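Asker: output the structure for:
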Amino acid sequence: MISLFPCLNDNYGFLLVEPQSGLCATIDTPDGAEIDKQLQARGLKLTHILNTHHHPDHVGGNMFLKEKYGAQIIGPKADANRIPGIDIALADGDIFKFGEYDIHLIHTPGHTLGHCAYYVPDEASLFVGDTIFVMGCGRLFEGTPAQMFTSMAKLAKLPGETKIYCAHEYTLSNAEFAMTIEPNNLDLQTAVKTAKSRRAQNQPTVPTTIAAELNTNPFMRSATAERLGEIRKAKDRF
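Answerer: I've put the predicted structure just below:
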């Protein structure tokens, strides 16, 4: 079971519950107080924190929630020295047993060098942090276009129906930019209309799916790392 709720200015918080064991994880900790409030409203006890990368809007609530709940903090080995309170560091391809669920860590450098995503096959869900956004991708703060290209190619191999839980609601600005790259893409045109309608009703555009992004996301549709880099530079200036 996955719950989604807004945090901070444009972040999303996610709670993952494995029903057989009752284990409960938050994916990243953008706002410890809001996550605590959501846990209490649902009668849940936090057992785990899964961090995707070290940026403050993803680890800011780590220590507050760890101290309050005794939660175990899991993060990418490649970023272990920058994840506050980390208990378990996982490498690319490692699988963490979460009750009856297997959680797969996928190393996805690009936005940061240590960035990772968490794939939960039993939920057909992927928590991507700031690697993929609806119709967009994260800024290349530390990584290269080649790294982001490789990371996206890894994720693109997952089943098309896999739900992608992105960490921010950036969809409308991403959509506007994507239309400048592929103005004649009919799938993109439809996706933009749907996104505008959802946001007009204050509904989230997250989750998306692998299949949807392969049809509409100019970064995931880039044929080469060089092309991805060109589009990312253009987006940075947009």
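
Asker: now do the contacts for Met92.
Answerer: Just so we're on the same page, residue 92 is Asp rather than Met. For Asp92, the contacting residues are 105-107, 116, by C-beta atoms under 8 Å, 6 or more residues apart in numbering. The C-beta positions use only the backbone N, C-alpha and C, and glycine is treated the same way.

Asker: what two of those are the furthest from one another?
Answerer: For these, the farthest-apart pair by C-beta to C-beta is Leu105 and His107; their separation is 7.1 Å.

Asker: give me the contact list for the longest helix belonging to the chain.
Answerer: Longest helix of the chain, by residue count under DSSP state H: helix 186-200. Helix 186-200 has contacts (C-beta under 8 Å, 6+ apart) with 134-135, 169, 171-172, 175, 178-179, 182, 204-205, 212, 215-216.

Asker: returning to that earlier point: who touches both of Leu105 and His107?
Answerer: With C-beta under 8 Å, 6+ apart as the test, Leu105 and His107 both reach 76, 91-92, 116.

Asker: who touches the closest residue to Arg82 other than its chain neighbours in this structure?
Answerer: Leaving aside its chain neighbours, Arg82 sits nearest to His54 (3.5 Å; criterion: C-beta to C-beta, 6 or more residues apart in numbering). The contact partners of His54, taken as C-beta under 8 Å, 6+ apart, are 79, 82-83, 112, 114.

Asker: swap in Asn62?
Answerer: Contacts for Asn62 were tallied using C-beta under 8 Å, 6+ apart; they are 29, 32, 49, 51, 73, 83-85.

Asker: nearest to Phe127 among those?
Answerer: Checking those against Phe127 by C-beta to C-beta gives Asn51 as the nearest, at 10.3 Å.

Asker: so what's that closest one closest to, chain neighbours aside?
Answerer: Residue nearest to Asn51 in three dimensions, not counting chain neighbours: Gly75, with 4.0 Å by C-beta to C-beta, 6+ apart.

Asker: buried stuff in stretch 195-207?
Answerer: Across stretch 195-207, burial judged by 16 or more other C-beta atoms under 10 Å covers 195, 198, 204-207.

Asker: quick check, nearest of those to Ser125?
Answerer: When those are ranked by distance to Ser125 (C-beta to C-beta), Pro207 comes first, at 7.3 Å.

Asker: what distance do you get for the closest residue to Thr47 other than its chain neighbours to Ile86?
Answerer: Once flanking residues are discounted, Thr47 sits nearest to Leu23: 4.9 Å by C-beta to C-beta, 6+ apart. Counting by C-beta to C-beta, to the nearest Å, the gap from Leu23 to Ile86 is 18 Å.

Asker: which of those two has more residues huddled nearby?
Answerer: Between Leu23 and Ile86, counted using other C-beta atoms under 10 Å, the more crowded position is Ile86 (23 against 20).

Asker: so the more buried one sits right up against Ala78, yeah?
Answerer: No: Ile86 lies out of contact with Ala78 (C-beta atoms under 8 Å); the separation is 11.8 Å.

Asker: and the residue sitting furthest away from the middle of the chain, which helix or strand is it part of?
Answerer: In the chain, the residue that sits farthest from the middle, by C-alpha atoms, centre = their mean, is Asn184; the gap is 27.8 Å. Element membership of Asn184, judged by DSSP states H and E, is empty: it is in no helix or strand.

Asker: how close does it get to Ala178?
Answerer: From Asn184 to Ala178 the distance is 12 Å (C-beta to C-beta).
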